[in-house]
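**Q** pasted the sequence and its predicted model underneath.
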Amino acid sequence: MEPVPVTVITGFLGSGKTTLINHILTGQHGKKIAIIEVGVDDGLVVETKEEIFEMNNGCICCTVRGDLIRILHKLLKRKHRFDAILIETTGLADPAPVAQTFFVDDDLKDLVRLDAILTVVDAKHILQHLDDAQIEEGAENEAVEQLAFADRILLNKVDLVSQKEKAAVVKRIKGINAAAEIIETVNSRADLDRVLGIRAFSLDRILEEEPDFLDEGAEHSHSSDVTSVGIDADGNLSFAKAQRWLSKLLQDKGADIFRSKGILCFEGSDDKHVFQGVHMLLAFSSSADGAGRPWGPDEKRVNRLVFIGRNLDRDEINASFRSCLVGSAPAA
Ligand SMILES: Nc1nc2c(ncn2[C@@H]2O[C@H](COP(=O)(O)OP(=O)(O)OP(=O)(O)O)[C@@H](O)[C@H]2O)c(=O)[nH]1
């Protein structure tokens, strides 16, 4: 039997990976697709008929292979065969350990094949991440790694940059990876024939790039100063206060906050409100506009937010958020 093609989707936080997955899942291709998410799940993938497998295990490099091998075996044992498997990695993940999985496990080698590593790039913010001067010495810059490993690059969010800015980004990308084809997209809407079943992964090219790629024990280190602050809070928010709080936070700390997202409950509304932030750019949607379902009558209304970045003051962010809840004492 032909091995099932696997596409690994990487890209920095907020670049458009989930948007790409939704685009693929809603496309007219008639394929049965399984999705594996590596990293933190945020519950914000639109609901589909496909199943989503999550892996939530801290340092991805160190745990990914075991988890992934287990999940892939489980998937492949099913009676109904999948036509394709997509693996989405979290924004900061180095794609190497995910790709290695397909070469280190002998049993998997015949059942699946790595079709391509797709890297989604946020045209507006990528240069800032490539030039990140705050990465600790000796640590890898994941934005560079993700480009270097890519077989194909989706240059996404081209609606947010001028022709001149775009040309500068393309030049930088080509300087890191001249081999990968670049597809320009808005909302990750790439022609599916150009991203799935493309047989673009080449082990030889990767070994040229990283000679110890197949060495499972190879040293690696990550910039540990990037952290995430999560908030889980019951109750309803005052719309005006929450809006002021979020705009101020992103205005003051937008350079350091790479990514933010959350589900919010507002006083007087049964709709679920979702926000998605990338640095200072913020987008809102809600079940009132058809995105997701409203809060159910017996469903517990919980605000869930996450901020990923550096120099984040967990206590301060939590306390100031809680002061926006209806009935809370004003922030000190
Ligand atoms: N303007 C603009 N916004 C986009 C585009 N593509 C995606 N977005 C928005 O960017 C935000 C982040 O997109 P996601 O698809 O969630 O990004 P992601 O890479 O999955 O993010 P992580 O979950 O942090 O890894 C969302 O608000 C998207 O609607 C685009 O081409 N242009």
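**A** Done, it's in.
**Q** thought Ala283 was touching Phe275?
**A** Yes. The criterion here is C-beta atoms under 8 Å, and Ala283 meets it with Phe275 at 6.9 Å. Placement of C-beta: from N, CA and C, glycine included.
**Q** neighbour-wise, which of those two wins?
**A** Counted by other C-beta atoms under 10 Å, Ala283 and Phe275 do not tie: Phe275 has more neighbours, with 19 against 10.
**Q** in a helix, the more buried one, correct?
**A** No. Read with DSSP: H, G, I helix; E, B strand; the rest coil, Phe275 is strand and lies in no helix.
**Q** what packs against the one helix or strand Val306 maps to?
**A** Using DSSP states H and E, the element containing Val306 is strand 302-310. Applying 3 or more C-beta pairs under 8 Å, 6 or more residues apart in numbering; DSSP states H and E, we find strand 302-310 packed against strand 226-234, strand 257-264, helix 314-322.
**Q** for the ligand, find the nearest of those.
**A** With C-beta to the nearest ligand atom as the measure, strand 257-264 is the member of the helices and strands packed on strand 302-310 nearest the ligand (4.4 Å).
**Q** helix 314-322 and the closest one, what's the angle between them?
**A** Here strand 257-264 points in a direction 40 degrees away from that of helix 314-322 (axes from the mean of the first three to the mean of the last three C-alpha atoms, to 10 degrees).
**Q** ok, the residue nearest to Ala150 when sequence neighbours are not counted to Ser188 distance?
**A** In space, Ala150 comes closest to Thr119 once its chain neighbours are excluded; the distance is 3.7 Å by C-beta to C-beta, 6 or more residues apart in numbering. Counting by C-beta to C-beta, to the nearest Å, the gap from Thr119 to Ser188 is 12 Å.
**Q** joint contacts of the two?
**A** Residues touching both Thr119 and Ser188 (C-beta atoms under 8 Å, 6 or more residues apart in numbering) are Leu154.
**Q** comparing those two, which shows the higher neighbour count?
**A** Using other C-beta under 10 Å as the criterion, Thr119 and Ser188 rank with Thr119 on top: 30 against 24.
**Q** is the closest residue in space to Leu264 that isn't next to it in sequence bridged to anything, and to what?
**A** Excluding the flanking residues, the one nearest Leu264 by C-beta to C-beta, 6+ apart is His273, at 4.5 Å. The bridge-partner assignment for His273, based on DSSP bridges, gives Leu264, Ser286.
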